[in-house]
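Please find the sequence and the predicted model below.
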Amino acid sequence: MENLSAYLSKKLCLSLGYDKQKEQVLTYGLIAILQFVTIMLLAMIIGFFGNFMLESIVIFLLVGVLRKSTGGAHASTMNGCITMSCLNITLLAFLSRYVLIFSIEPWIYLCFYILCYIVCFLIINRYAPVDSPNKRITSQEKITRLRKQSYIKAALFMAASILLTFYSKQNIRCQSVANSLCLLTLWQCFTLTPSGGRLIHHLDRLFPKK
């Protein structure tokens, strides 16, 4: 995928008359786009055959939305990122669709969600945002802004989970989407913690750098 991105960016830069610096920027952008599309297509295909494509799409899109403000541990290789992302999306979607579906009163789900989101808020308060070694966040103003955005997004996910639960009697799929929102928030917050970072690091070692 890196080779394809480099080839495409080189062709585009030759046509547009860009220099090497702009070519590198374009290559980086193409890699990000191809990675995004690859993960999305794989998640959708697996979700289609497993009948949890809706949950997969929700998790794929909204994890990215939340991660934009929280940061978090990530793989250091493209193959590792794609593989772990697809596995995580598939597992969370499967759990949402088939495992966490019970014939219980809605208020029990509501209590479960509220408890999970309280844990998420505490983690966000303690760790967010988590930056990367190559791009440190040193501005206190930016840290405060990103943390506030993380709170707002998590609160919106919680509100959506609660709202969808009230409609689950009419459509059980609402409950699985509510589960997806809760699980994706829990997972993303887990990647902010030292334990989450160590887990990602150990899994990342399965995909050695070239």
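Yes, it's here.

Could you list the buried residues of stretch 131-143?
By 16 or more other CB atoms under 10 Å, stretch 131-143 has no buried positions at all. In this view, the C-beta of every residue, glycine as well, is placed from N, C-alpha and C.

what do you get for stretch 202-210?
For stretch 202-210, by 16+ other CB under 10 Å, it's 203-204, 207.

Over to stretch 42-58?
Applying 16+ other CB under 10 Å to stretch 42-58 flags 42-44, 46-47, 52-58 as buried.

quick check: mean pLDDT across stretch 126-136?
Regarding stretch 126-136, the rounded mean pLDDT is 87.

Start and end of that stretch, how far apart?
17 Å (CA to CA, to the nearest Å).

what's it in contact with?
Residues outside stretch 126-136 that contact it (CB atoms under 8 Å, 6 or more residues apart in numbering): 69-74, 137, 143, 146-147, 150, 191-193, 197.

ok, now with 7 Å
Identification of contacts with stretch 126-136 by CB atoms under 7 Å, 6 or more residues apart in numbering yields 69-72, 137, 143, 146-147, 150, 192-193.

try stretch 60-71
Here stretch 60-71 has contacts from 39-40, 43, 89, 124, 128-131, 146, 149-150, 153, 157, 181, 184-185, 188, 192, using CB under 7 Å, 6+ apart.

quick one on the thing from earlier: now go through the buried residues of stretch 202-210 and say which are in helices.
The helices, defined by DSSP state H, take in 203-204 from those.

want to throw the buried residues of stretch 202-210 into JSON lines with pLDDT and distance to Ala93?
Output for the buried residues of stretch 202-210, formatted as JSON lines (pLDDT from 0 to 100; distance: CB to CB, whole Å):
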{"residue": "Leu203", "pLDDT": "90", "distance to Ala93": "19"}
{"residue": "Asp204", "pLDDT": "87", "distance to Ala93": "22"}
{"residue": "Phe207", "pLDDT": "80", "distance to Ala93": "22"}
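
Closest one to Thr27 out of the buried residues of stretch 202-210, please.
Phe207 (20.6 Å; CB to CB).

burial measure for Met40, as a count.
18 (other CB atoms under 10 Å).

Tell me the predicted confidence for it.
For Met40, pLDDT reads 96.

Quick check: nearest residue in space to it, chain neighbours excluded?
Counting by CB to CB, 6 or more residues apart in numbering, Met40 lies nearest to Phe60, which is 5.9 Å off, once chain neighbours are set aside.

Include distance to Tyr117 and secondary structure when you put the buried residues of stretch 42-58 into a markdown table, please.
Rendered in a markdown table, the data for the buried residues of stretch 42-58 read as follows (distance: CB to CB, whole Å; DSSP: H, G, I helix; E, B strand; the rest coil):
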| residue | distance to Tyr117 | secondary structure |
| --- | --- | --- |
| Leu42 | 29 | helix |
| Ala43 | 24 | helix |
| Met44 | 27 | helix |
| Ile46 | 27 | helix |
| Gly47 | 24 | helix |
| Phe52 | 22 | coil |
| Met53 | 25 | helix |
| Leu54 | 21 | helix |
| Glu55 | 18 | helix |
| Ser56 | 21 | helix |
| Ile57 | 21 | helix |
| Val58 | 16 | helix |
